[in-house]
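*Asks:* Dropping the sequence and predicted coords here.
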Amino acid sequence: MSKNQPNGLTNFGDLGGIDPAVDSLITQGDRRQADAHLSTKERRKKAKQRERMQQRREFRVTYDLPPSIRNQVAKLAAKGKFPASQLAAVLLAEALKRLETGEIDLDKYKVPSDSPRYEWNLDLWDSPRTRKR
Amino acid sequence: MAIFAVLNQKGGVGKTTTAVTIASALARQDYATLLVDLDSQGNVADSLDLETGDDLRRLLSPDLRLPLAQVVTPSGRPNLDVIRADKTTAVLKQILAGVDLREYVLADALARNDYDAIVFDCAPSVDLFHIAALVAADFIVIPTRLDKLAVNGVRDALQTLASLRRISRCQLAGIVPTFYERTTAESHLQLTHLAQTFGQRVLPPIPQDTRCREAARVGKTLWEYDPATRALSGYENGNGKHLGGYNQVVERIKELL
């Protein structure tokens, strides 16, 4: 028998966080309660906003980029009068094509990684790693 | 191997549905599982479309004490055996009331077995089998409706558990909020209150679902009656994910095996 398993609760001082599913349902409930005080028009507006955010979610991603690249993208986007995200997507798509054809060589950026998760880092000229040196 | 006691001193909170659903889920996932009915109403047999029987009396009665293997009833489902209870359970309790070390009757009777999991469906009262279940079990699972009185039942169950600390090593596996209605303020308030009080020991809630009653009426488990039903799969989150439901509860329970 598993009498000594530490998984169950014996110490009520050590309750940990909240189960993710419970947490999500509580968050949804809180939102529903908050929305209950809004007018029908405002509720519809909020629901539409949430729907839009939901649809955008699969297009969103977070990468760490050197500030100089971020600034360059922002400047170019402002100059060209198009969204920075779309410019980043076009540049990335073009770079990926060039990577496939062998025009870009990642090997020249490779430096060994200290992290157990990765074997290599790709070192850019002003990445936090390079700046540390 | 682990023994789970599904218990709440309050009635009508979904104990039998929870016990039957967890036991049948484990059995379906290849865990050799024994479901023990400790309630003289014999609802476990009804829920699984079995004849009621006096398996529990034959296992525990001082004049019989038959070996476990001779009293279990196959449920007709792979990996799932049952010890049924019926009205003789009430008489058995009276008989055992005069027996020394009666708190250990269940632990002794189940001491040697080949099951991966044993699930007790306890009666809604603090009786001899309630105590014996807490002594024999490794974990307690407390289903509760999301209303004030039922949530008080959680506190009472934990107080009983604490009072048995000297003879029981049973731990709280989780509190299962049942009959959850995400659109009602009271359900939301009580779920929030439970989560703030018991943290991660509050397991994903089970949505209110009439399929539970229908399944019990026709003697099928929820997995057999409607595997896509909300009580199993929970609420859809809008992004394809599901929240709550017995599927998630079973996953949490399996972590303890």
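*Replies:* Sure thing, it's come through.
*Asks:* The helix or strand of chain B at the bottom of the mean pLDDT ranking: which residues count as buried?
*Replies:* None of the helices or strands of chain B scores lower by mean pLDDT, DSSP states H and E than helix B:148-163, at a mean of 83. For helix B:148-163, the neighbour count (16 or more other Cβ atoms under 10 Å in any protein chain shown) marks B:150, B:151, B:153, B:154, B:157, B:158, B:160, B:161 as buried. C-betas here are computed from N, CA, C, even on glycine.
*Asks:* which residues touch residue B:128?
*Replies:* Neighbour list for residue B:128: B:93, B:96, B:97, B:102, B:103 [criterion: Cβ atoms under 8 Å, 6 or more residues apart in numbering or on different chains].
*Asks:* Now for the closest residue to it other than its chain neighbours, how many residues are close by?
*Replies:* Spatial nearest neighbour of residue B:128, chain neighbours left out: residue B:93 (5.2 Å); criterion: Cβ to Cβ, 6 or more residues apart in numbering or on different chains. Residue B:93: 19 surrounding residues under other Cβ atoms under 10 Å in any protein chain shown.
*Asks:* again with residue B:71
*Replies:* Quick note: residue B:71 (other Cβ under 10 Å) scores 21 neighbours.
*Asks:* show me the contacts for it.
*Replies:* Residue B:71 neighbours (Cβ under 8 Å, 6+ apart): B:55, B:56, B:58, B:59, B:83.
*Asks:* Narrow those residues to those in helices?
*Replies:* Those of those mapping onto helices are B:55, B:56, B:58, B:59, per DSSP state H.
*Asks:* ok, the first one touching residue B:73?
*Replies:* So the one you mean is residue B:55. Yes: in this structure, residue B:55 is within contact of residue B:73 by Cβ atoms under 8 Å, at 5.8 Å.
*Asks:* In contact with residue B:143, which residues?
*Replies:* Applying Cβ under 8 Å, 6+ apart, one finds that residue B:143 lies in contact with B:6, B:8, B:13, B:14, B:15, B:17, B:18, B:175, B:176, B:177, B:178, B:206.
*Asks:* quick one: average pLDDT of stretch A:60-75?
*Replies:* Computed over stretch A:60-75, the mean pLDDT rounds to 90.
*Asks:* actually stretch B:132-145, not the one I wrote
*Replies:* 93.
*Asks:* One more: stretch B:185-199?
*Replies:* Stretch B:185-199 comes out at a mean pLDDT of 88.
*Asks:* Pull it out as CSV, backbone CA atoms only.
*Replies:* C-alpha atoms of stretch B:185-199 as CSV (Å, rounded to 0.1, in the frame of the first residue of the first chain):
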residue,chain,number,x,y,z
ALA,B,185,-23.3,33.1,-8.7
GLU,B,186,-23.6,30.7,-5.8
SER,B,187,-21.6,27.9,-7.6
HIS,B,188,-18.9,30.5,-8.4
LEU,B,189,-18.8,31.9,-4.9
GLN,B,190,-18.5,28.5,-3.3
LEU,B,191,-15.9,27.2,-5.8
THR,B,192,-13.8,30.3,-5.1
HIS,B,193,-14.3,29.8,-1.3
LEU,B,194,-13.2,26.2,-1.6
ALA,B,195,-10.2,27.0,-3.7
GLN,B,196,-9.1,29.7,-1.3
THR,B,197,-9.4,27.4,1.6
PHE,B,198,-8.1,24.1,0.2
GLY,B,199,-5.9,25.3,-2.7
